[in-house]
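Student: I would like to see how this sequence folds:
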Amino acid sequence: MAKATFGAGCFWGVEAAFRRLNGVNEAFSGYAGGDKDNPTYEEVCTGRTGHAEVVEVDYDPDKITYVELLDTFWAVHDPTTLNRQGPDVGTQYRSAIYFHTSEQQEAARNSLLSQSESGKYRNPIVTEITQASTFYKAEEYHQRYFEKHGRH
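Tutor: Alright, predicted model coming up:
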């Protein structure tokens, strides 16, 4: 198994999108990229911890590639809105790819360049590509949120 971590706005829908992919063993909602140990949802929502809402994906690289995960990442959010996804505003909703290996870093950079040159977006992509740091799993009520609330 391998890990991939993405920030693409509110983690509920992002987690659900990754869970549907063949080759994804598990996807967890959580927080990354900040400077406070064990942040709570309420703390992250203030924007003062520096964390983004993220999804950590455990996947089988023999069944799904990192590039395919990147394709899903681009498809599930607007990477051109700085610190915002739809009605959610704040640094915790930033577009971010947190790489775990140098191969992921290179793939993320190439993917961002490809997306930028695709003509698909009217505005520049603002997605950050950053070394993965400590992932803090969100509270249990955030895990599989859509499944628990009858939305798929």
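
Student: which stretches of the chain form helices?
Tutor: Assigned by DSSP state H, the chain shows helices spanning 11-19, 41-45, 66-75, 102-117, 145-148.

Student: ok, residues contacting the shortest one?
Tutor: Judged by CB atoms under 8 Å, 6 or more residues apart in numbering, the contacts made with helix 145-148 from elsewhere in the structure are 12-13, 15-16, 29, 141, 152. In short, each C-beta sits where N, CA and C put it, glycine included.

Student: Could you pull out the buried residues of stretch 126-136?
Tutor: By 16 or more other CB atoms under 10 Å, the buried positions in stretch 126-136 come out as 127, 129-130, 132, 135-136.

Student: Next: stretch 96-106.
Tutor: By 16+ other CB under 10 Å, the buried positions in stretch 96-106 come out as 96-100, 104-105.

Student: Could you give the separation of that stretch from the chain centroid?
Tutor: 12 Å (CA atoms, centre = their mean, to the nearest Å).

Student: And it, end to end?
Tutor: 14 Å (CA to CA, to the nearest Å).

Student: So which of the buried residues of stretch 126-136 are in strands?
Tutor: 129-130, 136 (DSSP state E).

Student: re the thing from before, would you format the buried residues of stretch 126-136 as TSV with pLDDT and distance to His77 included?
Tutor: Converted to TSV, the buried residues of stretch 126-136 look like this (pLDDT from 0 to 100; distance: CB to CB, whole Å):
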residue	pLDDT	distance to His77
Thr127	98	9
Ile129	98	15
Thr130	97	16
Ala132	97	19
Phe135	98	19
Tyr136	98	21
